[in-house]
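[1] Structural data only, the sequence is not supplied:
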């Protein structure tokens, strides 16, 4: 989707001859925060949250799927279904929300309040994966939330690297059912295949990871091997996962009803601050669900043209609320600038875990 930046920050009449630079900057910051508050009503009604079982059919098959693989440095390979397959098979899929047909008709990657872009793996997700590889985070024993998960690559990485539980959330139920869950299944199955080979041959996991990558290659024009049917009861990694769809406000309400209410050590959220109307709900969700000492990893662009959001406006909003501190972990310099930042509670004294 081609974005065009048109967020209008209303100004106030100010005599700049009598105001120093800091005062003028503070005035602009306050105006930006007021503009965000004025634009916090979503255009569409909120979508009720619900939890999705891993599979409605216990014999769900991944046969004949077209998968891609992300391999970054020392990270385990991450597999996900090809986006173009959804476009070409939209009429054949169970899509009660009609987002597949609507996005194809409107040729848009995002329809605010209807479809929030979950079928596409956005580029800032790769930035965050690369940062995780650099920092060496292993997620051992941690509770993780992949908020606005889409394909779920961030949560899947945490699953493969030892997290004790992973919850996936996306606005659209179609995304969860047609993309997120199958991707998790695909990766769980691949890990089981690798473990089986590892047991047989008595070799280390590093060797097996290489074999996984080799399996994805298409040699001499022949298609990759078909995937066998998956039985969820035989997937120990899947038992760590839960899947939710719906608006963040209703998702938060649903999770808060659970006993015990989950708190997450790590929350991933990638390219979710494009619309300023969503900032209050996003902030509240992070505030209520992040565990003490926990970290929110946010990857984002500087500006989202035509939608109105971006990192600066979100930082202004967060600072006004006074709950989180924001630290920049990585800032890209090429093209439309991209960033990875971490949010933590202001009263937390800890540093980014290594």
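    Nice, thanks for sending it over. Treat the numbers as computed from the prediction; the structure is a model and nothing was measured.
[2] Check which helix or strand residue 304 maps to.
    In the assignment (DSSP states H and E), residue 304 maps to no helix and no strand.
[3] what pLDDT does the closest residue in space to residue 153 that isn't next to it in sequence get?
    Excluding the flanking residues, the one nearest residue 153 by CB to CB, 6 or more residues apart in numbering is residue 78, at 5.1 Å. For every residue, glycine as well, the C-beta is placed using N, CA and C. In this prediction, residue 78 carries a pLDDT score of 96.
[4] again with the one 5 residues further on
    For residue 83, the pLDDT comes out at 74.
[5] what's around it, how many residues?
    When neighbours are defined as other CB atoms under 10 Å, residue 83 has 15 of them.
[6] How about residue 318?
    Applying the criterion other CB under 10 Å, we find 21 residues in the vicinity of residue 318.
[7] Confirm it sits in a strand?
    No: counting by DSSP: H, G, I helix; E, B strand; the rest coil, residue 318 falls outside a strand, being helix.
[8] Let me see the contact set for the nearest residue to residue 324 once chain neighbours are set aside.
    Counting by CB to CB, 6+ apart, residue 343 is the residue found nearest to residue 324 once chain neighbours are left out, at 4.3 Å. Applying CB atoms under 8 Å, 6 or more residues apart in numbering to residue 343 gives the contacts 286, 290, 295-296, 298, 318, 324-326.
[9] again, only this time at 6 Å
    Contact partners of residue 343, counting by CB atoms under 6 Å, 6 or more residues apart in numbering, are 296, 324, 326.
[10] in the sheet, who's paired with it?
    For residue 343, the beta-bridge partners under DSSP bridges are residue 296, residue 326.
[11] my guess is residue 286 meets residue 296, correct?
    Yes: the pair residue 286 / residue 296 is scored as a contact, 5.5 Å apart, by CB atoms under 6 Å.
[12] so where do the helices sit in the chain?
    21-38, 83-88, 99-106, 123-135, 153-160, 173-175, 181-201, 205-215, 248-256, 279-289, 311-321 (DSSP state H).
[13] circling back to that earlier point, select from the contacts of residue 343 the one having the most neighbours.
    The residue in the contacts of residue 343 with the most neighbours, by other CB under 10 Å, is residue 296 (23 neighbours).
[14] any idea of the pLDDT on that residue?
    You'll see residue 296 listed with a pLDDT of 98.
[15] Am I right that it is in contact with residue 267?
    Yes: with contacts counted by CB under 6 Å, residue 296 reaches residue 267, the gap being 4.6 Å.
[16] And residue 81, how far from residue 312?
    Look at residue 81 and residue 312: by CB to CB, to the nearest Å, they are 34 Å apart.
[17] more crowded one of the two?
    Remark: of residue 81 and residue 312, residue 81 carries more neighbours, 20 against 13, as counted by other CB under 10 Å.
[18] To what extent is the closest residue in space to residue 307 that isn't next to it in sequence buried, counted in neighbours?
    With CB to CB, 6+ apart as the criterion, residue 307 has its nearest non-adjacent residue at 4.6 Å, and that residue is residue 274. Residue 274 has 23 neighbours, counted by other CB under 10 Å.
[19] Does residue 274 touch residue 303 like I think?
    No: look at residue 274 against residue 303 with CB under 6 Å: they stay out of range, at 9.1 Å.
[20] Now do residue 316 against residue 143, distance only.
    30 Å.
[21] Nearest residue to residue 245 in space, ignoring adjacent ones along the chain?
    In space, and not counting its chain neighbours, residue 245 is closest to residue 173: 4.0 Å by CB to CB, 6+ apart.
[22] and what of residue 266?
    Spatial nearest neighbour of residue 266, excluding adjacent residues (CB to CB, 6+ apart): residue 144 at 4.8 Å.
[23] same thing with residue 302?
    Counting by CB to CB, 6+ apart, residue 337 is the residue found nearest to residue 302 once chain neighbours are left out, at 4.2 Å.
[24] from what I can see that neighbour touches residue 303, true?
    No: contact between residue 337 and residue 303 fails when scored by CB under 6 Å: they sit 8.3 Å apart.
[25] Looking at these two, which is more packed in?
    Set residue 337 next to residue 303 and count neighbours by other CB under 10 Å: residue 303 wins out with 19 against 14.
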